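> here is a sequence with its predicted model. Questions after.
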Amino acid sequence: MTYTVLSALLAYPDAEMAAALPELRSALAPDDAATLAPLFAMMEGMPDLIALQEEYVATFDRRPAHSLHLFEHVHGESRDRGQAMVNLREEYLRHGLEPRPGELPDYVPMFLEFLGQLPAPQAAALLGDAVHVLARIGEKLDAAGSPYARVFDVLRRLTDVQPQALPEPPEGDLEEGMVSFGPDAGLTEPALRAHGQPQPVRFHASDPRRAAAGPSKGGNHG
């Protein structure tokens, strides 16, 4: 339920979401509701829905650093971004989630909706792989003084993985080793996989957890 509530809070606000704010707050654990209190206060304090929508657009659509599309913070404009989109969409479809027409699969509210449909251990594992990117978005929002940053504070508490700093996304058509998650994580690179097999979703150009630990004894693999 927590993932579902956070997904709703990060989605473009409409009349249905605005009317459901009390219900969304009551569905949260007390600690999470307290963390999100500034965001609820901001949303409920808006004079009307149009003002809330304008705040959303000013926060996310006009500030690239606050983008709610995960792979913008990872792959930039490189060609890896397109393949990552395809892989993430296929991951959704395998679990019965059909992305909405016109909505990119790396949209954070959709990703959180997906996690909300998974068993808790599996959701936590996938969140642990994405938390480095999510934490970056939250830090940018926090620096701008946005109460939306509190959503990302809650997400960071839902995983034991400590977020690490990420490199800046590539500007060009770069080819780098990517960390993956899912059932095939840690296996061969995509070019070596059998045709038709599921491809892993790639969240960042190098695994910050490995980088922090130093080079492995087995040498470089990338």
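Yes, it's here.
> quick check: phi and psi at the closest residue to residue 124 other than its chain neighbours.
On the basis of Cβ to Cβ, 6 or more residues apart in numbering, the spatially nearest residue to residue 124 that is not a chain neighbour turns out to be residue 159, at 5.6 Å. C-beta: built from backbone N, CA, C; applies to glycine. In terms of degrees, to the nearest 10, the main-chain angles of residue 159 are phi -140, psi 150.
> so what pLDDT did residue 159 get?
On the pLDDT scale, residue 159 is placed at 89.
> for the protein, name the helix or strand with the lowest mean pLDDT.
Confidence across the helices and strands of the chain bottoms out at strand 180-181, with a mean of 36, counting by mean pLDDT, DSSP states H and E.
> tell me which helix or strand residue 153 sits in.
With elements delineated by DSSP states H and E, residue 153 resides in helix 149-157, which encompasses its position.
> only alpha carbons, please: show that helix as PDB.
Output of helix 149-157 as PDB, limited to C-alpha atoms (Å, rounded to 0.1, in the frame of the first residue of the first chain):
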ATOM      1  CA  ALA A 149      11.300  15.500  -1.500                       C
ATOM      2  CA  ARG A 150       9.600  13.800   1.400                       C
ATOM      3  CA  VAL A 151       8.300  11.100  -0.800                       C
ATOM      4  CA  PHE A 152      11.900  10.100  -1.600                       C
ATOM      5  CA  ASP A 153      12.700  10.100   2.100                       C
ATOM      6  CA  VAL A 154      10.100   7.400   2.600                       C
ATOM      7  CA  LEU A 155      11.400   5.400  -0.300                       C
ATOM      8  CA  ARG A 156      14.900   5.400   1.200                       C
ATOM      9  CA  ARG A 157      13.500   3.900   4.400                       C
END
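> which strands and helices sit next to that helix?
Secondary-structure packing of helix 149-157 (3 or more Cβ pairs under 8 Å, 6 or more residues apart in numbering; DSSP states H and E): helix 2-10, helix 30-35, helix 37-45, helix 120-143.
> adding mean pLDDT and distance to residue 100, write these out as JSON lines.
Compiled in JSON lines, these are given as follows (pLDDT from 0 to 100; distance: least, Cβ to Cβ, whole Å):
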{"stretch": "helix 2-10", "mean pLDDT": "96", "distance to residue 100": "12"}
{"stretch": "helix 30-35", "mean pLDDT": "96", "distance to residue 100": "26"}
{"stretch": "helix 37-45", "mean pLDDT": "96", "distance to residue 100": "22"}
{"stretch": "helix 120-143", "mean pLDDT": "90", "distance to residue 100": "20"}
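> okay, now the residue nearest to residue 124: neighbour count?
Close neighbours of residue 159, defined as other Cβ atoms under 10 Å, add up to 18.
> thought it was touching residue 131?
Yes. Counting by Cβ atoms under 8 Å, residue 159 touches residue 131, with 5.3 Å between them.
> alright, calling it a day.
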